[in-house]
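> A predicted structure for the sequence below; I have some questions about it.
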Amino acid sequence: MGLIFMVVGGLIILMAVDILPLDPASLHAPRWVLGAAGALFFLSGALVFLQGIAGPDGEHDVLVQWVQYVLVLGAMLAFSSVFLWVGFGPGEREFQTTTSVGPLSVSGQGNDVVGRCLFGGFGALTALGTVYYAFQQLTKILNLSGDGDE
């Protein structure tokens, strides 16, 4: 599964950097946002692949910990950046709402301010989580927590 996600993410990245053709009319975000989405898939697939190679005892290997740290940090940055762009980036956004009750669904135009607040707020929370992870994992890998685990 990891390889499939890596391939799909790689193809999206190649579209973002204009190596694979992409109809510009179908792109409603800057190319870097598309690249971040592709990087999220690629890095997540690489994490699954790494776990498969390293096995259950791989988490005790310092090299695996460092590679995992870089991959997770990159994936978290990519994930946060997409939501932050939707919430705070320039340009117009189109949000849609759907309400379903049993088999009945009603769709309509979403409120731009509410949509931006939801995406921006979630992006800010995930960015804070990324900063927390960066320092917490770095402390753990470098064994600076003082707990004596190795």
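Nice, thanks for sending it over.

> Can you name every helix or strand that the longest helix seen in the chain contacts?
In the chain, taking DSSP state H as the definition, the longest helix is helix 112-141. Here helix 112-141 touches helix 62-88, going by 3 or more CB pairs under 8 Å, 6 or more residues apart in numbering; DSSP states H and E. To be clear about C-beta, it is placed using only N, CA and C from the backbone, and glycine gets the same treatment.

> can you do 10 Å?
helix 62-88, strand 96-101 (3 or more CB pairs under 10 Å, 6 or more residues apart in numbering; DSSP states H and E).

> Of the ones you listed, flag the one that's most buried.
helix 62-88 (a mean of 18; mean count of other CB atoms under 10 Å).

> just to revisit the earlier point, tell me which residues in the longest helix of the chain are buried?
115-116, 118-120, 122-123, 126-127, 130, 137 (16 or more other CB atoms under 10 Å).

> Check stretch 2-22 too.
By neighbour count on 16+ other CB under 10 Å, the buried set for stretch 2-22 is 2, 5-6, 9-10, 12-13, 15-16.

> what residue is smack in the middle of this structure?
Note on the chain: the residue nearest the mean C-alpha position is residue 79, at 2.3 Å, using CA atoms, centre = their mean.

> Report the separation between it and residue 85.
As judged by CB to CB, to the nearest Å, residue 79 and residue 85 stand 11 Å apart.

> Need the overlap of contacts for those two.
Common neighbours of residue 79 and residue 85, using CB atoms under 10 Å, 6 or more residues apart in numbering, are 36, 123.

> Spatially nearest residue to the residue nearest to the centre of the chain, not counting backbone neighbours?
In space, and not counting its chain neighbours, residue 79 is closest to residue 40: 5.4 Å by CB to CB, 6 or more residues apart in numbering.

> can you pull the pLDDT of the one you found?
Per-residue pLDDT puts residue 40 at 97.

> so what's it up against?
5, 9, 12, 74-82.

> cool, and residue 74?
Residues near residue 74 by CB under 10 Å, 6+ apart: 36, 39-40, 42-44, 46-47, 130.

> Need those residues in TSV (columns: secondary structure).
Below are the contacts of residue 74 laid out as TSV (DSSP: H, G, I helix; E, B strand; the rest coil):
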residue	secondary structure
36	helix
39	helix
40	helix
42	helix
43	helix
44	helix
46	helix
47	helix
130	helix
